[in-house]
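> Fold the following and give me the result.
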Amino acid sequence: MEVACVLIPDSALADPLAAAELTERAARALEGIGAAVESERVGEAYFALDGLRGLYEGEGDGVLAPARAAVGPEARIGVERTRFGAWLAAREHRSPAPVSALIPWVGLPEREAAGLVETLRRLGVETLDKLAALSPGQVADRFGPTGLRALRLARGEDSPLRPRHPHEELEAEVELPEGAAGGQLDRALELLVDRLLAAPQRKGRTVLGLRLGALLEGGGSWSADQGLNRPTASARSLRTVLAPHLEKLPGPVASLRLRAVGLGAALGDQLELSIRGKEDRRRRLGEAVREVRATQGAEALLQLLPLDSASRLPERRAVLTPAAGR
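Purely as a prediction, here's the structure:
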């Protein structure tokens with residue numbers, strides 16, 4: 001099996017939000033030509049060439065031609081038997097490659113990985129071929145499981161690709177008044193979650209993961225990924241896991257963006273033995289909301305979301321947003 005690695009140019013990776021967007025677009029473009037794509041690190045995407053040979057006749061460059069056309073001329077593509085080898089080829093490392101190439105791959109924080117590489121150098125192991133010549137016992141005695149991982153990479157051993165499941169675009173964005181902070185950010189997050197869950201393309205499915213992003217007033221951007229312990233479509237649960245990220249914003253924010261990075265199956269109806277009082281009214285109201293949205297569309301029901309009650313401008317005091325299903 002041959003693996004292709006697509007690298008986004010380093011010059012495009014300085015802005016974390018833009019880098020994540022470029023990586024996602026590249027992965028979707030490759031999926032558009034039939035490739036099964038693994039993309040777990042920003043700026044990188046991997047796919048097996050074997051799957052494309054059945055769709056596009058030819059070998060080598062002939063098979064890669066549609067991939068190059070999909071991701072654009074600035075992206076670099078390398079091909080080898082493993083994802084690490086393909087990454088080295090895309091980086092155009094000369095053979096033998098230096099052991100420093102292992103730093104992003106050994107599963108350690110960058111400083112610890114650099115320490116491992118420096119120790120190898122001090123022992124005279126400066127290239128991957130010298131590392132590959134060592135025995136597993138020698139490496140394990142000195143470096144443990146991490147060293148064995150590095151040895152397997154140097155020997156061209158790797159696990160199979162883990163292609164992701166393509167998903168539909170699902171995101172929401174809200175612009176903020178100048179100097180928005182505190183409660184205004186909390187309200188904006190509530191608005192984002194409601195808009196995301198009310199999007200028609202969600203089709204009732206649960207959310208598997210989220211990416212919260214921000215465009216900063218001073219220029220640049222910020223983003224944070226949030227995995228979920230279990231698939232959910234609960235607005236309250238999503239707000240709860242996302243709220244702590246607002247405290248990590250590096251500066252004043254011009255807009256917030258929320259994207260679902262994975263969608264699961266739709267939630268089934270859960271029957272209850274007895275529902276009384278407020279719970280009964282909430283259940284019946286929820287059923288009415290779902291029925292109206294199903295017949296009239298996601299924008300048919302709106303709710304008033306307060307933003308800044310002290311603002312002199314009426315349009316900043318509150319905003320109408322689609323009523324999220326709860």
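> In terms of helices and strands, where is Val193?
helix 183-198 (DSSP states H and E).
> where does the stretch 151-300 of the chain have low pLDDT?
166-169, 179, 265, 267-300 (pLDDT under 70).
> the helices in it, which residues?
Remark: helices assigned in the stretch 151-300 of the chain by DSSP state H, counting those that start in this stretch are 183-198, 235-246, 277-296.
> Now do the same contact list for the most centrally placed residue in the chain.
In the chain, the centroid-proximal residue (C-alpha atoms, centre = their mean) is Val261; its distance is 5.5 Å. Val261 sits next to 167, 208-211, 225 when contact means C-beta atoms under 8 Å, 6 or more residues apart in numbering. Glycine gets a C-beta too; all of them are placed from N, C-alpha and C.
> Which of the residues you listed lies at the shortest distance from Gly124?
Asp225 (39.7 Å; C-beta to C-beta).
> So what's the residue count around the nearest residue to that closest one once chain neighbours are set aside?
In space, and not counting its chain neighbours, Asp225 is closest to Arg211: 5.3 Å by C-beta to C-beta, 6 or more residues apart in numbering. By the criterion of other C-beta atoms under 10 Å, Arg211 has 18 neighbours.
> circling back: of the contacts of Val261 - the most surrounded one?
The contacts of Val261, ranked by neighbours (other C-beta under 10 Å): first place Leu210, 23 neighbours.
> Residues in a beta bridge with it, which ones?
Per DSSP bridges, the residues bridged to Leu210 are Gln226, Ala260.
> wait, it sits on Leu258?
Yes. Leu210 is within contact range of Leu258, at 6.4 Å (criterion: C-beta atoms under 8 Å).
> joint contacts of those two?
Contact with both Leu210 and Leu258 is made by residues Leu242, according to C-beta under 8 Å, 6+ apart.
> Which helix or strand contains Gly78?
Going by DSSP H and E, Gly78 is in strand 76-80.
> can you pull the buried residues of the helix or strand following that strand?
Counting by DSSP H and E, the element after strand 76-80 in chain order, helix or strand, is helix 83-91. Neighbour counts using 16 or more other C-beta atoms under 10 Å place 83-90 of helix 83-91 among the buried residues.
> cool, and stretch 21-41?
Those would be 21-24, 26-31, 33, 35-39, for stretch 21-41 by 16+ other C-beta under 10 Å.
> Send over it as CSV, restricted to the C-alpha atoms.
C-alpha atoms of stretch 21-41 as CSV (Å, rounded to 0.1, in the frame of the first residue of the first chain):
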residue,chain,number,x,y,z
GLU,A,21,-10.1,26.0,8.0
LEU,A,22,-7.5,25.3,5.2
THR,A,23,-7.0,21.8,6.5
GLU,A,24,-10.7,21.1,6.6
ARG,A,25,-11.1,22.4,3.0
ALA,A,26,-8.2,20.3,1.8
ALA,A,27,-9.7,17.2,3.4
ARG,A,28,-13.1,17.8,1.9
ALA,A,29,-11.6,18.5,-1.5
LEU,A,30,-9.8,15.1,-1.3
GLU,A,31,-12.9,13.4,-0.2
GLY,A,32,-14.6,15.0,-3.2
ILE,A,33,-12.4,13.0,-5.6
GLY,A,34,-13.1,9.7,-3.7
ALA,A,35,-10.2,9.6,-1.3
ALA,A,36,-10.6,8.2,2.2
VAL,A,37,-8.9,10.8,4.3
GLU,A,38,-7.2,10.8,7.7
SER,A,39,-6.7,14.3,9.0
GLU,A,40,-5.9,14.4,12.7
ARG,A,41,-3.3,17.2,12.7
